[in-house]
Each structure stands twice: as C-alpha cells, then as structure tokens.
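Peer 1: Sequence and predicted structure below; questions after.
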Amino acid sequence: MNRCIWKEQYRDKTGQLLAPAMRTYSLYAGGEMLAKATQTLEIPADQSISASHAPGIFIFQRPG
C-alpha cells in the first residue's frame with residue numbers, strides 16, 4: 001500500500017511549546033518508508049497555520 005502521512009507537532013515530548021512548530025511528511029510504498037520531509041510552521045495571532053518555506057526532504061535508499 002502506498003501512502004503519505006503528515007504530522008503537525010506544536011509541543012515537545014515534555015509538553016513545552018515548540019518555536020517554531022514542525023510538520024513532518026512521511027512517504028511509504030510497499031510497507032517501507034521512502035522519504036521523509038520536515039517543514040517549520042508559523043502560527044500568527046489569528047491562530048491560522050502556514051508554512052513559509054518548502055519542506056526539507058530526506059530520501060531513504062533501500063539496501064542492495
């Protein structure tokens with residue numbers, strides 16, 4: 001099954017606010033992770049969420 005999952009994280013594992021918040025994209029195919037990308041998020045006073053930069057992409061290579 002092919003799928004793309006994204007996660008938005010506003011707090012760290014101890015519950016403290018992240019500045020900036022982060023969005024993580026994960027791309028899977030055949031049950032294996034092919035690529036992962038991270039992107040910083042901006043949350044202005046009106047509580048809208050936007051990303052001002054393109055995500056940084058990390059590509060995973062399968063062995064052999």
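Peer 2: Received, thanks. Numbering: from 1, shown residues only.

Peer 1: what does the helix or strand where Gln39 lies rub up against?
Peer 2: Taking DSSP states H and E as the definition, Gln39 sits inside strand 32-41. Residues outside strand 32-41 that contact it (CB atoms under 8 Å, 6 or more residues apart in numbering): 8, 20-28, 49-60, 62. Placement of C-beta: from N, CA and C, glycine included.

Peer 1: next SSE after it?
Peer 2: Following strand 32-41 in sequence, per DSSP H and E, is strand 56-59.

Peer 1: In terms of secondary structure, what does that following strand contact?
Peer 2: Strand 56-59 is packed against strand 32-41, with contacts defined by 3 or more CB pairs under 8 Å, 6 or more residues apart in numbering; DSSP states H and E.

Peer 1: Name the residues of the strand it packs on that are buried.
Peer 2: 36-37, 39, 41 (16 or more other CB atoms under 10 Å).

Peer 1: any idea of the pLDDT on the closest residue to Ala51 other than its chain neighbours?
Peer 2: Among residues not flanking Ala51 along the chain, Gln39 sits closest, at 5.0 Å (CB to CB, 6 or more residues apart in numbering). At Gln39, the model reports a pLDDT of 90.

Peer 1: ok, Gln39 to Ala54 distance?
Peer 2: 7 Å (CB to CB, to the nearest Å).

Peer 1: In terms of helices and strands, where is Gly15?
Peer 2: Gly15 belongs to no helix or strand, assigned by DSSP H and E.

Peer 1: Name the strands paired with the helix or strand of the chain with the lowest mean pLDDT and say parallel or antiparallel.
Peer 2: Confidence across the helices and strands of the chain bottoms out at strand 56-59, with a mean of 78, counting by mean pLDDT, DSSP states H and E. Paired strands of strand 56-59, with direction, are strand 32-41 (antiparallel) (DSSP bridges).

Peer 1: can you give me how far the least confident helix or strand of the chain is from the chain middle?
Peer 2: 10 Å (CA atoms, centre = their mean, to the nearest Å).
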